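Colleague: Predicted model and sequence follow; I will ask about them next.
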Amino acid sequence: MFTRILVANRGEIALRVIRACRDMGIEAIAVYSRADRDAAYLNLAHDAICIGPEAPAQSYLNAAAILSAAELTDVQAIHPGYGFLAENARFAQMCRDCKIEFIGPSVEAMQALGDKVAARKLARQAKVPIVPGSQAAVENEDEAVAIASKLGYPVMIKAAAGGGGRGMRPAHNEATLRSNFRHARAEAEGAFKDGSLYVEKLIERPRHVEVQLLGDRKGNVIHLWERDCTLQRRHQKLIEESPSPHISGRTRRKLCEAAVRLAQAAGYYSAGTCEFLVDEDESFHFIEVNARVQVEHPVTELVTGQDLVQWQIRIAAGETLKLRQEQIPQNGCAVECRINAEDSEDGFRPCPGPIHEFIPPGGPGVRLDTHAYAGYVVSPHYDSLIAKLLVHRPTRAEAIHAMARALDEFVVRPLKTTIPLHRAIMERAEFVKGHVDTNFIERTFGPPGR
């Protein structure tokens, strides 16, 4: 087992990893930018190293600075968290070259699954259903139009190299396809330095369901059931839950088995997530693999009783999975609300600034993952997530009531946050009944804004 790990991230996920390390008797070394120099979680680390100025490109995305900090502090492994360099195969290779363990999947698995066109090809080979679409990257607008004509409109343009909704544009006719193709390519090049795009059939009114996976270096792969991530805005998830409401046990089983097949085909180890779109008739289609721990991983931890971050560390250290599939329960219902410093009534405008009052919720079945506190300053340089509020109760109805109560207790002032939006969602009949799709937020609470 490792004795010292560098945590190459910030915010709530950095704190989450630091806590996992301390629970395992491992020294955690934190890194920080100048914007985060006063972050309270740095005090929980064994040591903390400044890696650059506020801009992510010069700090949390600066692979050379992170590796220099790792060598300076003599760590054996690096945990990348999520975002930043977590799915960067080049960074994972740099860690390998420096003989520092990257706590995540192999470079080869990241390369096979990180490019969505290559991942779709692998899924076909593993007999995992995919959304109908282009077989390779699309070179130009004319080729995109020809593919869309065969598929039938509407279609979705997607970046081959990215995620998080960037480089994604729908098109309902040729004119919007040509315009959005150019915009998607520019956005993909800016976000990922790779403008490769592909085109697939747009599935209307789907559910977004993902399967949590764990694999070890011996080829053992298990699933930890599914999470429903249907409630999102501009492809950014807002609420996640497990189990997914309104899918049958048969569909749940087939989804999980398909995800395991794909992970085995890729030689995948560590934690990862296989994402699907599910039609109204419960047909499902693979869309991508997230080769890292997810923001919403605590949802799975609550219903299975497993610590996913500790499992990542154990697997990276060479341990084999001691769990059999039949040992993984799906107990009760867990719901997570992402609390962002955003004004949901003004196009989800980011609201950075100081927090003067911070009163966290509590009570039975409530979990709060946050790095924020009274006196903390939300930086304009990074993602606006300030907390993940979770509840775990025996039934979905009880979980929704508990979440509504916890949201009422949660005070963050004077910043605007998404707490009021989440509270309103808990009262919507469609959500309570589980009758939602990926366009529910825009359709119910207005257009996506900027």
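Modeller: Yes, it's here.
Colleague: Isn't residue 15 up against residue 43?
Modeller: No: look at residue 15 against residue 43 with Cβ atoms under 8 Å: they stay out of range, at 10.6 Å. C-beta here means a position set from N, CA and C on the backbone, and glycine is covered the same way.
Colleague: The two: which has the busier surroundings?
Modeller: residue 15 (23 against 9; other Cβ atoms under 10 Å).
Colleague: Nearest residue to the more buried one in space, please, no chain neighbours.
Modeller: residue 41 (4.1 Å; Cβ to Cβ, 6 or more residues apart in numbering).
Colleague: so how far is residue 82 from that neighbour?
Modeller: Taking Cβ to Cβ, to the nearest Å as the measure, residue 41 falls 16 Å from residue 82.
Colleague: Over to residue 423?
Modeller: As judged by Cβ to Cβ, residue 423 and residue 82 stand 26 Å apart.
Colleague: Closest to the mean position in this structure, which residue would that be?
Modeller: For the chain, residue 294 is the residue whose C-alpha lies nearest the centre (Cα atoms, centre = their mean; 3.7 Å).
Colleague: Could you pull up the residues touching that one?
Modeller: Taking Cβ atoms under 8 Å, 6 or more residues apart in numbering as the contact definition, residue 294 lies against 82, 210, 212, 273.
Colleague: what about residue 30, distance to residue 78?
Modeller: 12 Å.
Colleague: shared neighbours of the two, anything?
Modeller: Counting by Cβ under 8 Å, 6+ apart, the shared contacts of residue 30 and residue 78 are residue 7.
Colleague: can you pull the buried residues of the longest helix along the chain?
Modeller: In the chain, assigned by DSSP state H, the helix with the most residues is helix 174-192. For helix 174-192, burial by neighbour count (16 or more other Cβ atoms under 10 Å) applies to 176, 177, 180, 181, 184, 185, 187, 188, 191, 192.
Colleague: would you turn these into CSV with distance to residue 131?
Modeller: Compiled in CSV, those are given as follows (distance: Cβ to Cβ, whole Å):
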residue, distance to residue 131
176, 19
177, 16
180, 17
181, 18
184, 16
185, 20
187, 20
188, 18
191, 22
192, 20
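Colleague: Make a markdown table from those residues and add pLDDT and distance to residue 198 to it.
Modeller: Output for these, formatted as a markdown table (pLDDT from 0 to 100; distance: Cβ to Cβ, whole Å):
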| residue | pLDDT | distance to residue 198 |
| --- | --- | --- |
| 176 | 95 | 17 |
| 177 | 96 | 13 |
| 180 | 95 | 13 |
| 181 | 96 | 11 |
| 184 | 94 | 10 |
| 185 | 94 | 11 |
| 187 | 91 | 14 |
| 188 | 89 | 11 |
| 191 | 78 | 16 |
| 192 | 80 | 14 |
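Colleague: pLDDT below threshold where in this structure?
Modeller: 162-164, 447-450 (pLDDT under 70).
Colleague: Break it down into its domains, please.
Modeller: The record assigns the chain these domain ranges, following automatic domain parsing: 4-103, 132-201, 207-445.
Colleague: I'd like those domains as TSV, with distance to residue 110 appended.
Modeller: Shown next, in TSV, are the domains of the chain (distance: least, Cβ to Cβ, whole Å):
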stretch	distance to residue 110
domain 4-103	4
domain 132-201	12
domain 207-445	5
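Colleague: ok, longest strand in this structure?
Modeller: strand 221-233 (DSSP state E).
Colleague: Whatever helix or strand comes next after that strand pairs with which strands?
Modeller: Note on strand 221-233: by DSSP states H and E, the next helix or strand toward the C-terminus is strand 236-242. Strand 236-242 pairs in its sheet with strand 221-233 (antiparallel), strand 333-340 (antiparallel), by DSSP bridges.
Colleague: so which of the ones you listed gets nearest residue 401?
Modeller: strand 333-340 (10.5 Å; Cβ to Cβ).
Colleague: who's in contact with the closest one?
Modeller: Under the contact criterion Cβ under 8 Å, 6+ apart, strand 333-340 has outside partners 237-243, 295-296, 298-300, 302-303, 348, 370, 384-396, 398-400, 403, 407, 410, 412, 417-419, 422.
Colleague: Check stretch 297-304 too.
Modeller: With Cβ under 8 Å, 6+ apart as the criterion, stretch 297-304 contacts 212, 224-225, 227, 240-243, 271, 306-309, 328-336, 367, 369, 388, 390, 392.
Colleague: Now restrict these to buried residues only.
Modeller: 212, 224-225, 227, 240-243, 271, 306-309, 328, 332-336, 367, 369, 388, 390, 392.
Colleague: quick one: the strands in the stretch 301-450 of the chain?
Modeller: 333-340, 342-343, 349-350, 353-354, 357-359, 366-370, 377-378, 385-393, 411-413 (DSSP state E, counting those that start in this stretch).
Colleague: Please work out which of the ones you listed is packed deepest.
Modeller: strand 333-340 (a mean of 25; mean count of other Cβ atoms under 10 Å).
Colleague: When residue 41 and residue 82 are compared, which one has more neighbours?
Modeller: Ranked by neighbour count (other Cβ under 10 Å), residue 41 and residue 82 place residue 41 first, with 24 against 16.
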